[in-house]
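Visitor: requesting a structural model of the entry that follows:
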Amino acid sequence: LSLSLSLSLSLAPPPQFGVDNVLCHVADPTFVGFCSLRGADCGVKTIAKADPHEKVGVLASVGGKPHVVEYSEISTEMAEATREALSGSGTRLLYGAAHICVNWFSLPFLRAFAAGALGEEGSASLPLHVARKK
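Guide: Now for the predicted structure:
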């Protein structure tokens, strides 16, 4: 379906997930409902890393904006950095929010993104990022 048709029919946004994640709950109603009820433009589902050197990208702030940073781009010091847990019960990894490739995007956000991200001839004008896996 086109974004325009989806918007006019008030359809729910399509789920986005990594097809190689067998544990993924496709269109997880709790995650989708949370994003929808909060009026979010987009949402990212994360889980706690199992250990500092787990080979998974993490959600981090880069230049004040959220980014997924690949494990191959994180130094040993960054991987092992900790902070005080919000609950006050010990420490947690500073870069411990593992990105599991489950994302949510509202239809208006997708429409605005597509309009701004495509050049005049429909070719993507966004920069590419190559993840070099170790």
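Visitor: what is the rounded mean pLDDT of stretch 99-118?
Guide: If you average the pLDDT over stretch 99-118, you get 82.
Visitor: can I get that stretch in CSV, CA atoms only?
Guide: This file holds the C-alpha atoms of stretch 99-118, laid out as CSV (Å, rounded to 0.1, in the frame of the first residue of the first chain):
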residue,chain,number,x,y,z
HIS,A,99,19.4,-2.5,19.4
ILE,A,100,17.5,-5.6,18.3
CYS,A,101,16.3,-4.2,15.0
VAL,A,102,12.7,-3.7,16.1
ASN,A,103,11.6,-0.2,15.2
TRP,A,104,8.3,1.6,14.9
PHE,A,105,7.5,4.6,12.7
SER,A,106,4.2,6.6,12.5
LEU,A,107,2.7,7.0,9.0
PRO,A,108,3.0,10.8,9.1
PHE,A,109,6.7,10.4,10.0
LEU,A,110,7.3,7.9,7.2
ARG,A,111,5.6,10.2,4.7
ALA,A,112,7.6,13.3,5.8
PHE,A,113,10.8,11.2,5.9
ALA,A,114,10.3,9.8,2.4
ALA,A,115,9.5,13.3,1.0
GLY,A,116,12.7,14.8,2.5
ALA,A,117,15.0,11.8,1.9
LEU,A,118,14.4,11.3,-1.8
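Visitor: flag every buried residue along that stretch.
Guide: By neighbour count on 16 or more other C-beta atoms under 10 Å, the buried set for stretch 99-118 is 99-107, 110-111. The C-beta positions use only the backbone N, C-alpha and C, and glycine is treated the same way.
Visitor: can I get those in CSV with distance to E80 and secondary structure?
Guide: As requested, the buried residues of stretch 99-118 are exported to CSV (distance: C-beta to C-beta, whole Å; DSSP: H, G, I helix; E, B strand; the rest coil):
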residue, distance to E80, secondary structure
H99, 19, strand
I100, 21, strand
C101, 24, strand
V102, 26, strand
N103, 27, strand
W104, 31, strand
F105, 33, strand
S106, 36, coil
L107, 40, helix
L110, 37, helix
R111, 41, helix
